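Asks: need a 3D model of the sequence below.
(2 chains, ligands or ions: 1)
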Amino acid sequence: MPDLRHLYQTIMLENAQHPQHSGILTGAKVKKITVHNPTCGDELVLSGVIEHSRLISIAQHSEGCIISRASASIMTELVLENSLDQIQVLAAMFVSLINGHNLANQELLQQAMIFSGVGQFPMRTKCALLPWQALVELVEGDKQ
Amino acid sequence: MNAYREDFPFFKAHPDIVYFDNAATTQKPATVIQALIDYYSNDNASVHRSTYTLAQQATDQYEQVRTKVANFIGARDANQILFTKGTTEGLNWIAQGVCRHFLQPGDEIVLSVMEHHSNLVVWQQLANTLDLKLRYIKLTDQQTLDLADAQQKITTKTKVLAITGVSNVLGSSNPICKLSKLIHAVNGLLIVDGAQMVPTMPVDVSQLQIDCLAFSGHKLFGPTGIGVLYATPALLDVLPPAEFGGEMIDQVSLTTTSFQPAPYKFEAGTQNVAGVIGLGAAIDYIQTIGMDKIHAEEQMLGQYLAEQLSNITNVSIYGPADRDSGIVAFNVDQLHAHDVATFLDSNQICVRAGTHCAQPLVNMLEVNATLRASLAFYNSFEECDQLVTAIKAAKEFFSYA
Ligand SMILES: Cc1ncc(COP(=O)(O)O)c(C=O)c1O
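Replies: Take a look at the predicted model:
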């Protein structure tokens, strides 16, 4: 079994404990997506406002394990103010990262790179991917 | 270490693993594995179809297991034993059959809130389609089945009580004998999910007057893909087959078919003969120990583990204080069950984390998920201590942020 310290890095624990962009947005322009992980009962509510094909605000409310909470926290910080096209590129990169592929432009994922170790724990990849799954749903309807 | 471990090749292959996921599936004794090898090496032939000697021998072996299962659970007649894929299939067959053929719109089915999805979803879906009413027996504050509530929910409108014998999360057993009296007093059927009960305690369907009992071979130290559905002759005679095909028929013309009597009308197509023979070997093995002894050992292990875990600060234990099986669900405050389970895995301890196919119950415990250690008679007090040490280490590990 790979080293647990490689999986649970300090930044991850910090983000799980003090999540960024925590909460649920309200207002007429807010789009809200709720996703579940049926095996662990975790729930994530992602809310965002999209204007002119750009994500102008985002919040996440995550009830889950350290990996999914940290992933939601780091993801929201990373994608805020990005265009929907950029977001789709980042989401695809993150999925590749979790699946253990080498990435050409790693630096684009910034802090989300700390999830590179999750691939070695196949039972936990869903946890890291859950927020991104919600994000893809959130932006999908709005992309032409 | 526990002497029974010697009987299980899995523990020779993994001497250091603490296997605490027996409610999900159990390890198999060498005799079960050997029975499968022997069957495929020496005796493999089609059951019930062919006339040559080998086929007859395979058929005899297969039918002997039916008798063995009947004796094991106290059934009066081997023809009351149907082979299935497992508990889930047995409960689906019986729920479909009973709801579609005996119940009228408005009839009530009583379940408990602690049911596994396999004894809940099928009834719920049928109730929605056929306009039947579902009622759920609640838990007491001690997280046991609320018998007073059962008395209220079971009325003359109740046609079926479908309930688990032992909860796969709380580890407690339900008072089947009392429930049997309640439901039979209103002429309803008692259907018992035996997935966790049959492997951990003696069960006598005749004495308890159980109308249907479903259980799985793989949780009973036997192979996967084989299970048992027991039912009374009154049900088996009237219920139509769940599936159609070869072997279950009496006569077939281009427009009509007559069926064999039970159990054969329910066993369509080529059956899991090896699974049946493996299940027979599992029952033989269990009987060398005895279900009373297995129950006593597992109760003792469950009680010990629950007590040791409750001595750790910030650990919550679910289920009643008195343990009736080796199943102990718990959580560490502030830590998510999946993170703890990953930590335990890195310490070679296999436990389950999640909702245990019982989402309504876990929601009622007001958590998203729990950890669950489920012990079998081959586990030991030392292994319980290892888990306790690892839980303390997990608390340490996750607090370094
Ligand atoms: C109480 C209970 N009922 C039913 C089942 C379903 O058993 P199987 O998956 O073997 O059909 C299980 C096992 O997961 C269980 O614990």
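Asks: which SS class is the residue of chain A found nearest chain B?
Replies: Nearest residue of chain A to chain B (C-beta to the nearest C-beta) works out as residue A:13 at 3.1 Å. Just so you know, the C-beta spots here come from the backbone N, C-alpha and C atoms, and that holds for glycine as well. Using DSSP: H, G, I helix; E, B strand; the rest coil, the structure places residue A:13 in helix.
Asks: what pLDDT is listed against it?
Replies: The model reports residue A:13 with a pLDDT of 92.
Asks: what about it, neighbour count?
Replies: Neighbour count for residue A:13, taken as other C-beta atoms under 10 Å in any protein chain shown: 19.
Asks: and residue 78, what does it touch?
Replies: Because you didn't say which chain, this covers chain A. Contacts for residue A:78 (C-beta atoms under 8 Å, 6 or more residues apart in numbering or on different chains) come out as A:90, A:109-112.
Asks: should've been chain B
Replies: Counting by C-beta under 8 Å, 6+ apart, residue B:78 makes contact with B:63, B:66-67, B:69-70.
Asks: tell me where the model's unsure across the chain.
Replies: No chain was given, so I picked chain A. Low-confidence segments of chain A (pLDDT under 70): A:1-2, A:142-144.
Asks: wait, I meant chain B there
Replies: Using pLDDT under 70, chain B drops low at B:1, B:400-401.
Asks: just the helices in it please.
Replies: For chain B, the helices defined by DSSP state H occupy B:9-13, B:30-38, B:53-73, B:87-102, B:121-130, B:147-153, B:176-185, B:205-208, B:233-238, B:273-289, B:291-310, B:337-346, B:359-364, B:381-397.
Asks: please apply the same query to chain A.
Replies: Using DSSP H, helices in chain A cover A:4-7, A:10-17, A:66-79, A:84-98, A:125-140.
Asks: ok, which of the helices of chain B comes nearest residue B:109?
Replies: helix B:121-130 (5.5 Å; C-beta to C-beta).
Asks: what does the closest one rub up against?
Replies: So helix B:121-130 is contacted by B:91-92, B:95-96, B:99-100, B:103, B:105, B:109, B:111, B:132-134, B:160, B:162 (C-beta under 8 Å, 6+ apart).
Asks: which residues of the stretch 301-401 of chain B lie near chain A?
Replies: Taking C-beta under 8 Å from any C-beta of the partner chain as the test, the list of the stretch 301-401 of chain B residues beside chain A reads B:336-339, B:342-343, B:345-346, B:353-355, B:359, B:362-363, B:367-369, B:397-398, B:400-401.
Asks: check the residues you listed for burial and list the buried ones.
Replies: When these are checked for burial by 16 or more other C-beta atoms under 10 Å in any protein chain shown, the buried set is B:336-339, B:342-343, B:345-346, B:353-355, B:359, B:362, B:367-369, B:397-398, B:401.
Asks: now do the contacts for the closest residue to residue B:65 other than its chain neighbours.
Replies: Spatial nearest neighbour of residue B:65, chain neighbours left out: residue B:280 (3.6 Å); criterion: C-beta to C-beta, 6 or more residues apart in numbering or on different chains. Going by C-beta under 8 Å, 6+ apart, residue B:280 touches B:35, B:61, B:64-65, B:68-69.
Asks: then residue B:63?
Replies: residue B:78 are the contacts of residue B:63 under C-beta under 8 Å, 6+ apart.
Asks: what do you get if the cut-off is 10 Å, keeping everything else the same?
Replies: B:47-48, B:78, B:276 (C-beta atoms under 10 Å, 6 or more residues apart in numbering or on different chains).
Asks: highest neighbour count among those?
Replies: Most crowded among these, counting by other C-beta under 10 Å, is residue B:276 at 26 neighbours.
Asks: what about the residue lying closest to that residue once chain neighbours are set aside, neighbour count?
Replies: Leaving aside its chain neighbours, residue B:276 sits nearest to residue B:65 (4.9 Å; criterion: C-beta to C-beta, 6+ apart). Other residues within reach of residue B:65, judged by other C-beta under 10 Å, total 26.
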